[in-house]
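**Student:** what follows is a predicted structure for the sequence shown.
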Amino acid sequence: MTMFNPTTINVDVNVDATIHDTSSGPISLSISSLPIPNVRHLELDGVPVHWASVQNLEHLSLRGLVPDELASPTLHDLQGILTRSKETLSFCRLENIIFPIDDYAFAMEVEPILLQRLRTLSISAAPHVTSSILHSTKVPPSTHVQLYTLLRSDLRSILPPWFQIRDTSATGDADVTSLRLCRHSAAFLRPSTQAPRSSKRAVRNRYYPDSSSDWDSGDAVFSVSSASSVPVPMAVLDSVSYASSSLDLRGSKGVLGGRGIYDLKNLASLTLGVGVLIDIPTDSLHTFLAYGAVNLEGLRVGYQCDLSVLLGALVETAMAVEESVLLPCPRLKLLAFNRPSDRWWNFGSMWLDSVVSTVVRRAKASPGQLRVEFWKCHGVTDVKVCESFEKFGATIGEIGEVEVIE
């Protein structure tokens with residue numbers, strides 16, 4: 001008699017249910033009632049299994065499971081799978097699954113499951129399903145959490161109260177130091193583990209560690225995408241921690257103290273994607289730059305319809321209620337415009353003088369070395385940059401360094 005001992009199941013609702021048994025080849029059968037205790041890699045697309053038998057998984061992917069008596073697991077079923085796999089599971093993707101609405105209340109009452117070995121948790125579901133899963137699990141700081149959902153007011157509406165984007169460095173130094181904001185998505189990142197490229201720019205990066213030669217570099221720790229009308233940038237900024245006691249005087253709904261999902265004192269690099277400034281109110285942007293981005297060193301700005309609010313916020317002095325804050329982003333070392341893969345048309349005629357004016361005013365208020373990069377900015381040349389500095393009675397050497405990249 002041939003022993004049946006599969007370790008991998010990959011089933012699509014559009015094909016025959018097949019289990020691959022290495023000893024005897026594919027076997028077609030109905031698996032909804034078949035115990036599979038030895039499976040370690042499980043991928044299901046619209047097909048149910050005997051949930052109570054699933055255990056010791058290393059890889060779990062469930063997709064397209066709807067709430068009926070056959071297909072979709074309940075939250076209790078999923079918790080059982082995770083509990084029986086908490087020592088082994090390294091990858092978990094849950095896409096387009098639906099729990100009964102009553103499961104949300106159940107998730108608030110159960111003890112969350114610690115998935116100590118999990119490296120990736122990806123959830124694509126309705127808000128109440130996403131929240132139910134997150135409230136019933138705990139993951140280590142090194143886990144990449146990916147969320148695809150419809151955001152409500154802010155991220156804390158779906159995240160459990162204990163969720164925080166924390167550091168994993170053994171020395172205690174902050175390692176989640178980058179934030180990338182786009183109109184419909186956002187990501188918190190730690191520096192990439194890939195070795196730097198050998199190039200002239202890589203050598204220069206030793207002096208400007210936040211140089212923008214790689215706009216998309218970094219390893220994501222937490223990322224969120226949403227198709228709802230709630231702007232993702234504001235959902236993020238309203239969920240992070242500000243240290244300033246004067247935050248509530250500036251019109252922002254951010255979190256005071258350490259109760260937010262991320263402490264802004266660790267933020268060193270910020271990327272503003274194409275058009276993202278449309279979704280950030282003026283008061284919120286001023287508050288963020290003046291009171292949140294106190295340790296920001298690198299600011300990368302993709303194409304925007306209007307830069308005037310951002311440039312104004314970079315030189316605005318603090319309100320009298322907090323005189324110790326003299327200049328927004330006092331540690332700024334890099335200011336870069338445009339993604340290397342794009343072209344920003346008419347930048348020279350529309351924004352070059354405004355950028356130079358901002359840079360000169362910052363240098364007068366707080367002398368320091370600043371690197372400014374113009375990536376494929378139409379109408380910006382080395383000659384025009386020098387002429388613009390002369391208009392404002394300054395030279396490039398007085399502020400640091402400027403590079404025009406075509």
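**Tutor:** Nice, thanks for sending it over.

**Student:** tell me how many other residues surround the nearest residue to residue 154 once chain neighbours are set aside.
**Tutor:** Once flanking residues are discounted, residue 154 sits nearest to residue 238: 4.1 Å by Cβ to Cβ, 6 or more residues apart in numbering. Where C-beta positions appear, they are placed from N, C-alpha and C, glycine not excepted. Using other Cβ atoms under 10 Å, residue 238 has 20 neighbouring residues.

**Student:** what's residue 238 sitting at in phi/psi?
**Tutor:** Per-residue torsions, residue 238: phi -80, psi 0 (degrees, to the nearest 10).

**Student:** please apply the same query to residue 336.
**Tutor:** Dihedral angles phi and psi of residue 336 (degrees, to the nearest 10) take the values phi -120, psi 140.

**Student:** my read: it touches residue 297, true?
**Tutor:** No - using Cβ atoms under 8 Å, residue 336 is not in contact with residue 297, being 11.8 Å away.

**Student:** between the two, tell me which one has more neighbours.
**Tutor:** Shown here are residue 336 and residue 297; by other Cβ under 10 Å, residue 336 has more neighbours (25 against 18).

**Student:** so the more buried one bridges to which residues?
**Tutor:** Residue 336 forms beta bridges with residue 300, residue 373, as assigned by DSSP bridges.

**Student:** who touches it in this structure?
**Tutor:** Residue 336 is in contact with 211-212, 298-301, 372-375, counting by Cβ atoms under 8 Å, 6 or more residues apart in numbering.

**Student:** how about the residue nearest the centre of the chain, nearest residue that isn't a chain neighbour?
**Tutor:** Nearest residue to the geometric centre of the chain (Cα atoms, centre = their mean): residue 187, 1.1 Å. Distances taken as Cβ to Cβ, 6+ apart put residue 223 closest to residue 187, at 4.0 Å, once the chain neighbours are dropped.

**Student:** list the contacts for residue 135?
**Tutor:** Going by Cβ under 8 Å, 6+ apart, residue 135 touches 107-108, 112, 160.

**Student:** recalculate using a threshold of 6 Å.
**Tutor:** By Cβ atoms under 6 Å, 6 or more residues apart in numbering, residue 135 lies in contact with 107, 160.

**Student:** and what of residue 124?
**Tutor:** By Cβ under 6 Å, 6+ apart, the contact set of residue 124 is 95, 148.

**Student:** what values do phi and psi take at it?
**Tutor:** Dihedral angles for residue 124 - degrees, to the nearest 10 - are phi -130, psi 100.

**Student:** residue 372: what's it in contact with?
**Tutor:** Counting by Cβ under 6 Å, 6+ apart, residue 372 has contacts 335, 402.

**Student:** what ranges in the protein fall below the confidence cut-off?
**Tutor:** For the chain, the stretches with pLDDT under 70 are 1-33, 67-71, 104, 168-174, 193-214, 243-258, 317-326.

**Student:** run the last query once more with 50
**Tutor:** Counting by pLDDT under 50, the chain has low-confidence residues at 1-5, 13-29, 195-212, 245-251, 256-257, 318-325.

**Student:** in it, which spans are helices?
**Tutor:** Assigned by DSSP state H, the helices in the chain fall at 75-84, 103-109, 127-135, 200-204, 232-237, 282-287, 308-313, 347-365, 382-391, 396-399.

**Student:** ok, and which of those helices has the densest surroundings?
**Tutor:** Compared across those, helix 232-237 shows the largest average neighbour count, a mean of 24 (mean count of other Cβ atoms under 10 Å).

**Student:** what's in contact with that one?
**Tutor:** Contact with helix 232-237 is made by 151, 154-155, 181, 184-186, 226, 276, 279-280, 288, as judged by Cβ under 6 Å, 6+ apart.

**Student:** pull it out as CSV, backbone CA atoms only.
**Tutor:** Output of helix 232-237 as CSV, limited to C-alpha atoms (Å, rounded to 0.1, in the frame of the first residue of the first chain):
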residue,chain,number,x,y,z
VAL,A,232,-3.5,57.7,3.1
PRO,A,233,-0.9,60.4,4.0
MET,A,234,-3.3,61.9,6.6
ALA,A,235,-4.3,58.5,7.9
VAL,A,236,-0.6,57.9,8.6
LEU,A,237,0.2,61.3,10.0
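
**Student:** fine by me, thanks again.
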